[in-house]
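Chemist: need coordinates for the following:
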Amino acid sequence: MARPSMIPFVAAASLAIALAGCTAASPEGAATPAIGMMSDPQNLVGDTPANLSAQFGHPALLRIDGPAQVWLYHSPV
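Modeler: Residues are numbered from 1 along each chain as shown. You can find the predicted model right below:
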């Protein structure tokens with residue numbers, strides 16, 4: 001089990017790894033996905049669902065875990 005002091009670090013690292021696989025190569029002339037420009041996944045914390053949905057689209061799966069929401073996206077990459 002992780003030490004309590006490591007939990008925020010592990011959560012942030014897991015989010016970064018999960019989001020890294022969410023981008024796909026865009027065809028010529030297509031807009032660049034917002035995730036490709038994101039340098040720090042911590043910028044997502046506290047954002048509204050409407051803003052996140054506008055940036056990333058609708059998730060393939062939405063799970064509610066207490067006060068948190070887990071949004072799952074699939075990628076062909």
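
Chemist: so where is the protein shaky, pLDDT-wise?
Modeler: Residue ranges of the chain with pLDDT under 70: 1-39.

Chemist: and for residue 54, the neighbour number?
Modeler: Burial of residue 54, expressed as a neighbour count using other C-beta atoms under 10 Å, amounts to 10. For every residue, glycine as well, the C-beta is placed using N, CA and C.

Chemist: give the contact list for it.
Modeler: By C-beta atoms under 8 Å, 6 or more residues apart in numbering, the contact set of residue 54 is empty.

Chemist: let me know the helix or strand that it is in.
Modeler: If you go by DSSP states H and E, residue 54 is part of helix 49-56.

Chemist: and that helix, what's buried?
Modeler: Of the residues in helix 49-56, residue 56 count as buried by neighbour count, 16 or more other C-beta atoms under 10 Å.

Chemist: so after it, what's the next helix or strand?
Modeler: Going down the chain from helix 49-56, the next helix or strand is strand 61-65, by DSSP H and E.

Chemist: so residue 61 sits right up against residue 69, yeah?
Modeler: No: counting by C-beta atoms under 8 Å, residue 61 stays clear of residue 69, with 10.6 Å between them.

Chemist: of these two, give the one with the bigger neighbour count.
Modeler: Comparing residue 61 with residue 69 by neighbour count (other C-beta under 10 Å), the higher total belongs to residue 69, at 12 against 9.

Chemist: now the more buried one. Nearest residue, chain neighbours left out?
Modeler: In this structure, residue 69 finds its nearest non-sequential neighbour in residue 62, 6.4 Å apart by C-beta to C-beta, 6 or more residues apart in numbering.
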